[in-house]
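Engineer: Sequence first, then the predicted structure, then my questions.
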Amino acid sequence: MKMRSRLLLTAVLLLSLGFYWLVDWIVRDVRLHYFITMEESLVDTSVLLAAQLSGDLTVDSDFAKALADAGERTLAAKIYTHTKTNMNLRIVVVDTQRQTVFDSRGTLAPGALYDWRDATLALRGAYGARTTYEDPGHAFSAHMYVAAPVMSGEDIIGAVAVGKPLISVTPFMKQARRRLVLSGLVGFAAVVLLLIPVSLWIIQPVRALTRYAQAIRDGKKAERPLLGHGGEMSELADAFEEMRDALEGKQYVEEYVQSLTHEMKSPLAAIQGAAELLNEEMSDEQRRRFLANINAESERLHGLVERMLSLAALEKRKALERGESIDLQVLIEDVTDSLLPVAQAKGITLRTAFSNPWKPKGDYFLLRQALTNLVTNAIEFSPANGTVEIRLSKPEIRVIDAGAGIPGYALDRIFERFYSLPRPDGGPKSSGLGLNFVREAARLHGGDVALRNRPGGGAEAVLTLG
């Protein structure tokens, strides 16, 4: 499972548990407050009735009849979305011996014992309240009672208990519960939807670092991803960069030492052989020839070292230190002018074509050297009296020759260091570093270079710039 999926799944699971707990806690809290509100209203009602009965516990017939009529009346009270259809208030009046004086429901006959906590406490002058299941086998038979003392001067002469079934507030609690659950689900869905871009935002640096690590693994020139400053991801990117520099530095030295050693063997052997022969007796002409060989091989070594140093400096650069606007048409004309004597010596015609010129940002010296290498190769591999064409069309520079093309076995190795093909005219091979230099310069400018055979004959180098 991908990290993003794990992160999202974990967040959804934790949010589910969190929202369930929150909604359940709020629902229970709302239920409690409904009961508190109900009890508070019963307190007011009991105190009001106790004050009305103050001084005399006698419940006259008019009061009893009014309560009976109210209990039988059909209501149509629209309370928000709930319609109340009847009055469900019960009133019980008892004396100091807890004997029933009046019961609005008629369940208790006059004189019957009302032995409940609410009245007992009220007769002591304390706050009396209770919640009782009137039918123990029925969950909806719970009633809440609040009793208040009936006074005669300073003396308590009885108590009045007012009761109401808890089921009367159940519709409001159910409605509140539905709204809370719906709000919780909507909030949960909104948070989950917000988690998707947040998870992408969190995972994006990890993906960037993964691509960066893969590029390092594949030996590609990759830039450190920009992940801000001071954060854990930025520190991790710095660690990757330091690790890359350490690995590349070690591998770089090993490869260059091996390559340079291999390439230097031949000229050094030639110089050593010629030097040993100079100690022997020989004619002046032979001595001059061996000295010329030593000079030629020395120049070859010098050129090899210079090219190696230039290429090494280029490969170690991770980005252009400064960029200037380069007129590629002017650059191409500069290269063709400088190579015109070389081309004329072989009877090669240099042609240019500018169909869509542009001015990218870059390093003029590096691009000039890269294009010089491509055009020089094209001249060397073109037949006498042939043509080399340089075409400019955004975003490419194409160098086309009319030579024999690139052998199939060399297509995959043409950009390797020190890999060089024999010249058609039998001239000495090059150092094999020119095309590698071109590729590094192109990549440093956000592009690349490709070399392929043309269907009609000849080869084509395509230098792409970013």
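Structural biologist: Received, thanks. Residues are numbered from 1 along each chain as shown.

Engineer: Let me see the ranges of the strands in the chain.
Structural biologist: Remark: strands assigned in the chain by DSSP state E are 77-79, 82-84, 90-95, 100-103, 128-133, 142-152, 155-165, 324-325, 349-356, 361-362, 387-393, 396-400, 448-453, 459-464.

Engineer: how about those in CSV, adding mean pLDDT and mean neighbour count?
Structural biologist: Backbone N, C-alpha and C define where each C-beta goes, glycine included. Formatted as CSV, these follow (pLDDT from 0 to 100; neighbours: other CB atoms under 10 Å):
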stretch, mean pLDDT, mean neighbour count
strand 77-79, 78, 9
strand 82-84, 75, 13
strand 90-95, 92, 22
strand 100-103, 90, 20
strand 128-133, 90, 16
strand 142-152, 92, 22
strand 155-165, 92, 21
strand 324-325, 83, 10
strand 349-356, 88, 12
strand 361-362, 84, 18
strand 387-393, 91, 19
strand 396-400, 92, 20
strand 448-453, 89, 17
strand 459-464, 91, 20
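
Engineer: To residue 409, which of those strands lies closest?
Structural biologist: strand 448-453 (12.7 Å; CB to CB).

Engineer: returning to what we had before: so which of the strands of the chain gets nearest residue 22?
Structural biologist: Across these, closest to residue 22 is strand 82-84 (CB to CB), at 25.7 Å.

Engineer: other SSEs contacting that closest one?
Structural biologist: helix 170-217 (3 or more CB pairs under 8 Å, 6 or more residues apart in numbering; DSSP states H and E).

Engineer: Looking at the strands of the chain, which is nearest to residue 70?
Structural biologist: Taking CB to CB, strand 90-95 is the member of the strands of the chain nearest to residue 70, at 10.3 Å.

Engineer: May I have the strands that pair with that closest one, each with its orientation?
Structural biologist: Paired strands of strand 90-95, with direction, are strand 100-103 (antiparallel), strand 155-165 (antiparallel) (DSSP bridges).

Engineer: possible to save those as a markdown table with distance to residue 183?
Structural biologist: Below are these laid out as a markdown table (distance: least, CB to CB, whole Å):
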| stretch | distance to residue 183 |
| --- | --- |
| strand 100-103 | 43 |
| strand 155-165 | 28 |
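
Engineer: Next, count neighbours for residue 202.
Structural biologist: When neighbours are defined as other CB atoms under 10 Å, residue 202 has 15 of them.

Engineer: how near is it to residue 14?
Structural biologist: Residue 202 sits 15 Å away from residue 14, going by CB to CB, to the nearest Å.

Engineer: among the strands of the chain, which is nearest residue 184?
Structural biologist: strand 82-84 (22.0 Å).

Engineer: List the neighbouring strands of that closest one plus their orientation.
Structural biologist: For strand 82-84, pairing defined by DSSP bridges yields strand 77-79 (antiparallel).

Engineer: Residues touching the partner strand, excluding its own?
Structural biologist: 83, 84, 85, 172 (CB atoms under 8 Å, 6 or more residues apart in numbering).

Engineer: Most widely separated two among the residues you listed?
Structural biologist: 85 and 172 (14.9 Å).

Engineer: So the two - more neighbours on which side?
Structural biologist: With neighbours defined as other CB under 10 Å, residue 85 and residue 172 compare such that residue 172 has more, 18 against 11.

Engineer: so what's the nearest residue to residue 336 once chain neighbours are set aside up against?
Structural biologist: Ranked by CB to CB, 6 or more residues apart in numbering and with sequence neighbours excluded, the top spatial neighbour of residue 336 is residue 350, at 4.8 Å. Listed by CB under 8 Å, 6+ apart, the contact partners of residue 350 are 336, 339, 340, 343, 375, 387, 388, 389, 390.

Engineer: what does residue 132 give?
Structural biologist: 116, 142, 143, 145.

Engineer: try it again with 10 Å
Structural biologist: 116, 117, 118, 141, 142, 143, 144, 145, 163 (CB atoms under 10 Å, 6 or more residues apart in numbering).

Engineer: What separation do you get for the fifth one and residue 200?
Structural biologist: In this case it means residue 142. Residue 142 sits 52 Å away from residue 200, going by CB to CB.

Engineer: cool, residue 438 as well?
Structural biologist: For residue 438, the distance to residue 200 - CB to CB - is 39 Å.

Engineer: The two: which is more packed in?
Structural biologist: Legend: neighbour count by other CB under 10 Å for residue 438 and residue 200, higher for residue 438 (25 against 12).

Engineer: Setting the sequence-adjacent residues aside, check what's closest to that one.
Structural biologist: Residue 438's closest residue in space is residue 370 (CB to CB, 6+ apart), at 4.4 Å.

Engineer: cool, and residue 403?
Structural biologist: residue 381 (4.0 Å).

Engineer: Could you report the neighbour count for that neighbour?
Structural biologist: 21.

Engineer: Please identify the buried residues of stretch 44-52?
Structural biologist: Applying a neighbour-count criterion of 16 or more other CB atoms under 10 Å, one finds 45, 46, 49, 50 buried in stretch 44-52.
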